[in-house]
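Okay, here's the prediction I keep looking at, along with the sequence it came from:
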Amino acid sequence: MDYNFPEIEKKWQKYWVDHKTFKTTNDPSRPKYYVLDMFPYPSGAGLHVGHPLGYIASDIYSRYKRLKGFNVLHPMGYDAYGLPAEQYAIQTGTHPAVTTEKNVARYREQMDQIGFCYDWDREVKTCDPDYYKWTQWTFIQLFHHWYNNKTKKAEPVAELVRVFEMEGNSRVEASMTQNWFKELVKKDPSFDPEWDGIFTAAEWAAYTEKQQHDILMNYRLAYLSDAMVNWCPELGTVLANDEIANGFSVRGGHPVERKLMRQWFLRITAYAQRLLDGLETVEFSDSLIEMQRNWISRSEGAEIHFPIQGKEISLSIFTTRPDTIFGSTFMVLAPEHELIPVITAPDRREAVDQYLLMAKNRSERERMAEVKKVTGEFTGAYCLNPFNGKPIPVWVADYVLAGYGTGAIMAVPAHDSRDYDFAKHFSLPITEVVAGGDISVSSYDAKDGVMINSEFINGLQVKEAISTVIRRVNEMKIGKGTINFRLRDAIFSRQRYWGEPFPVYFKDGIAHTLDVSELPLRLPEVDAYLPTETGEPPLARAKNWTTKEGYPLETSTMPGFAGSSGYYLRYMDPRNDSEYFSKDAVNYWQDVDLYIGGDEHATGHLIYSRFWNKFLFDTGMSVKEEPFKRLINQGKIQGRSSLAYRIKGTNKFVSLGLKDQHDTTEMHVDVSMVDNDILDTAAFCSWRPDLAGSEFILEDGKYHCGYAVEKMSKSLYNVVNPDYLIEKYGADTFRLYEMFLGPLEQSKPWDTNGIEGVFRFIRKFWRLFHDDQNVFSVSDDAPDAAELRVLHKTIKKIQEDIERLSFNTAVSTFMICVNELTDLKCRKRAILSDLVVLIASYAPHIAEELWFLLGNSGSVSMSTFPEFKPEYLIENTFEYPVSFNGKTRFKLVLPTNLTVQEIEKAAMDAKESEKWLEGKPPKKVIIVPKKIINIVLG
RNA sequence: GCCCUGGUGGUGGAACUGGUAGACACGCAGGACUUAAAAUCCUGUGACUUCACGGUCGUGCGGGUUCAAGUCCCGCCCGGGGUACCA
């Protein structure tokens, strides 16, 4: 074998470990650069070819930055809590820690084969008590902070209590759940039922300890609350909004229902505006920023109070179109709205109750499936337009959601399609107030046009009308301009075993946090990983799950995103056991410069960790408001499935080109039995017992398979495993090929066939340094101009390509360079030495070996990226494409020092021009020096 | 429905700011070396047309701007992803 990669790759991998080549220290003398991969959940299946794509890209970038003189932090770890290990534990009794440990070892083994430059001394695992101690610590901080809307930051609850003691809460502007005091009053009869949530210093002092705690709970950034949650009976736990898709759990695909439960929440909504604003300062892809914007979804509008006819109460609605208030012909309440029992007329009671019952039993999924089905009921009540006193009927319907705005709307059928459908269905009047549409056909929703039928705003444009109405509403004190966010507070408890225990105990029904000195609160042993018979979470099975004093501990655990929300900070100082991370470490490393990972985390992890970081920023822990400066989403690698065609009802298979002559069914065959779309029929027959003795109808002696591009999955037999490829071609080839496949951010199909080309390249590269006998042989002759040109052209292109993360074109550039140097028969040290450094970040093993053979000591990773010298690229001639009317007709080589006039003359005089000019003078001649000559004819 | 992406040879893709479309690979065809195979090397390879020189067409479709459009503008079509009564 000419290039003995198995030996060479092992040798250098061992060298890196033995010499701790990639160990990173805080070194203020060098500029820092932090490159982070989204750490993986170690699943039992191991890595397939799609997983390392981003890791290879970040590895190349890290190595490149190091060669450019940066002190690079490039760590890796494991998002180790997760449902699969726990489901496996339920089925087999194996502790999830055991499964996780095994999977981690397998991941590590696979990653090590690829030759990554991680500093493994900084590895973190979210399930490690030394790590989750700080997850618990952060929770305690959240519990003891509230969000001050005046200062727009988190502040200690202890200080808030001092304010309460001095002056009550009337001047405090906190981020809180709407109508929090109504819930409190409902549950605790010791509060005045008419209480409005405001108290004086004297009243505060008079509250019992429990009352005080219950009030404070509503201020905390980590708080307990009864709320409608997404309950997944199959998994026995609640789920966050981003863990559900179309009414089913993302993990496992089990149905999810709504249920009222007491849960821990994180008040992420307090940060909604800052999370939105931060997106302006950060380099993420447009689509990711858009996804986050939509998820947070800010809408500006107004809250307006409509008095209820004949009652002393009013109905608050939220609208983004206050301009259309005179077009509101009915009101709609969500079925859960608290005013329904109060305002429903006696003769409508039965019908309304029946509707509420129906709406309640209708599951989330049914609602989603039947979006277009219009249902609702009239309450018999009327409210009055606050401007002109006109009565408007009040309806209840489940197309209005309780959780958004005030849970009530003013319906404007002429200018809202949902209201329009509702009005049509129940024959309610439709009043046009914005000119520009045709309301006999459909609603006119555009925010564009002139107001009509609208009293004091007639003739205004929509935009002016909106601000005019809001101003008037404020003046009349019948409401106010408001901003609503779609983002909900994050449900933070899970009724599962395999997660971080909450550092919380209950004393007389009041939640307290453990003292920081008692952390970590370790996950206890249990006899089974299932809920108890009374439906309590698995931790309730643990013996002595109490504090030293005997107070019961919280039995829920934290969700998956808890441990991943601040891991990038812990990497800065991962072995610190007295603090999360030191001031020195965070001041040096600051934030992540480049973050690479999948876009499936757009609305989960990436929002939570931005929130987490902002909170730590407020408390002075982290030093940057945004944790990730630049973020790249690598595309998915799709599988390329191979298909065979079975003649229906037989064991006869027909080759692709002939399948239309038969009645066939498609069958996925394992891609390992297929080479270049040709099926190994012998392997196929022994694949499964039922296929033994299969017959084949061949084309030119071969069985040609069809193919389909779909997701890489075991069930489609198209999974390609990196271990096999590395064994056959080596890690360097594998790395290069993953990059060569296409642009990092695009999804693309995997096709193992192409890897041969990269393998050929690697060996061709090796042969530049070796003679026919595979003996290392380079000369010390001075390089000539052509060779220097090739080298510096390559340096320039490689540098540009890495900077813009265009790794696929960089690989092509290496191929072109090696092809050209081979043609030039260049074996000169002066050229090849720089080339080795250039390629070192892409193909580190072969680079190390050649660097060593060139007589260097130490690792090529510690050398310096070659400097590009433009003087070697200066050309004195240029081959101009000469076009007539934009069509290239011939090429013309001209010296580069000609003036535009001289170029024009040369082009006109060229003998090929004669034919196209046909003796006539051209209308115009366009010359772009060193680009193009275009002659325009009449 | 709305938002974001993408659409270039048989395949993966290149062309970064409008300036020689198809770089670099794969595959395929032919050839060299070999007893043979593997490996390696060489040649060709968008379509149509021509003995050839050459010509015509060509970046999802239809228009437009420009000396010049894969690239910019307008209107569609198709694939992938997100989201869905959010008032």
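Alright, I've got the coordinates.

do stretch A:249-268 and RNA strand B meet?
No: with C-beta under 7 Å from any atom of the strand as the threshold, stretch A:249-268 lies outside contact range of RNA strand B, at a closest distance of 8.9 Å. Placement of C-beta: from N, CA and C, glycine included.

how far does that stretch stretch from start to finish?
Across its full length, stretch A:249-268 reaches 22 Å end to end, with C-alpha to C-alpha, to the nearest Å as the criterion.

Show the average pLDDT along it.
Mean per-residue pLDDT for stretch A:249-268: 83.

buried sites along stretch A:692-701?
Residues of stretch A:692-701 classed as buried by neighbour count (16 or more other C-beta atoms under 10 Å): A:Ser694, A:Phe696.

And the contacts of it?
With contact meaning C-beta atoms under 8 Å, 6 or more residues apart in numbering, stretch A:692-701 is reached by A:650-658, A:662, A:679, A:681, A:684-686, A:703.

Report the contact partners of A:Phe191.
Shown here is A:Phe191, whose contacts under the criterion C-beta under 8 Å, 6+ apart are A:Phe181, A:Leu184, A:Val185, A:Gln211.

What residue, apart from its backbone neighbours, is nearest the last one spatially?
Think A:Gln211. Counting by C-beta to C-beta, 6 or more residues apart in numbering, the nearest residue to A:Gln211 once its immediate chain neighbours are dropped is A:Ser190, at 6.7 Å.

For A:Met76, give me its contacts.
When the contact criterion is C-beta under 8 Å, 6+ apart, the partners of A:Met76 are A:Asp37, A:Phe39, A:Tyr55, A:Met111, A:Phe116, A:Tyr118, A:Trp120, A:Glu123.

ok, now with 6 Å
Remark: with contacts taken as C-beta atoms under 6 Å, 6 or more residues apart in numbering, A:Met76 is in contact with A:Tyr118.

and it, helix, strand or coil?
coil (DSSP: H, G, I helix; E, B strand; the rest coil).

Could you do the one 10 residues further on as well?
Following three-state DSSP, we place A:Glu86 in the helix state.

if we can go back for a sec, where is pLDDT lowest across the contacts of stretch A:692-701?
pLDDT across the contacts of stretch A:692-701 is at its lowest for A:Gly657, which sits at 80.

That residue belongs to a helix?
Yes: with three-state DSSP as the criterion, A:Gly657 is assigned to a helix.

Under the pLDDT cut-off, which ranges of chain A? List them.
In the predicted model, chain A carries pLDDT under 70 at residues A:1, A:362-372, A:938.

Can you tell me the element the residue found closest to A:Glu848 once you drop the neighbours it is linked to in the chain falls in?
The shortest distance from A:Glu848 to any residue that is not its chain neighbour, by C-beta to C-beta, 6+ apart, is 4.4 Å, and that residue is A:Trp12. When secondary structure is defined by DSSP states H and E, A:Trp12 falls within helix A:5-19.

helices or strands next to that helix in the packing?
Helices and strands in packing contact with helix A:5-19 are listed as helix A:844-853; criterion 3 or more C-beta pairs under 6 Å, 6 or more residues apart in numbering; DSSP states H and E.

partner strands of the helix or strand following the helix it packs on, parallel or antiparallel?
In the C-terminal direction, the helix or strand that comes right after helix A:844-853 (DSSP H and E) is strand A:877-884. Neighbouring strands of strand A:877-884 in its sheet, by DSSP bridges, are strand A:887-895 (antiparallel), strand A:932-936 (parallel).

quick check, distance from the helix or strand where A:Glu203 lies to the centre of its chain.
Taking DSSP H and E as the definition, A:Glu203 sits inside helix A:201-206. In terms of C-alpha atoms, centre = their mean, to the nearest Å, the centre of helix A:201-206 is found 47 Å from the chain centre.

Over to stretch A:67-86?
Distance, stretch centre to chain centre, for stretch A:67-86: 16 Å (C-alpha atoms, centre = their mean).

got the phi/psi numbers for the residue nearest to A:Gln211?
Dihedral angles of A:Ser190 (phi, psi; degrees, to the nearest 10) stand at phi -80, psi -10.

do stretch A:716-724 and RNA strand B meet at all?
No: counting by C-beta under 7 Å from any atom of the strand, RNA strand B is not contacted by stretch A:716-724; separation bottoms out at 13.9 Å.

Please identify the buried residues of that stretch?
For stretch A:716-724, the buried set under the neighbour-count rule, 16+ other C-beta under 10 Å, comprises A:Leu716, A:Tyr717, A:Asn718, A:Val719, A:Val720, A:Pro722.

RNA strand B versus the third one, what's the distance?
Looking back up the chat, that one is A:Asn718. 14 Å (C-beta to the nearest atom of the strand, to the nearest Å).

again with the fifth one
With distances taken as C-beta to the nearest atom of the strand, A:Val720 is found 14 Å from RNA strand B.

The contacts of stretch A:692-701: which two are farthest apart?
Maximum pairwise distance among these (C-beta to C-beta): 25.1 Å, between A:Gly657 and A:Ser686.

contacting residues around the residue in the stretch 501-650 of chain A that RNA strand B sits nearest to?
Nearest to RNA strand B in the stretch 501-650 of chain A, going by C-beta to the nearest atom of the strand, is A:Thr603, at a distance of 5.4 Å. Residues counted as contacts of A:Thr603 (C-beta under 6 Å, 6+ apart) are A:Asp242, A:Trp295.

what sits against A:Lys828?
Contacts for A:Lys828 (C-beta under 6 Å, 6+ apart) come out as A:Ser779, A:Asp781, A:Pro783.
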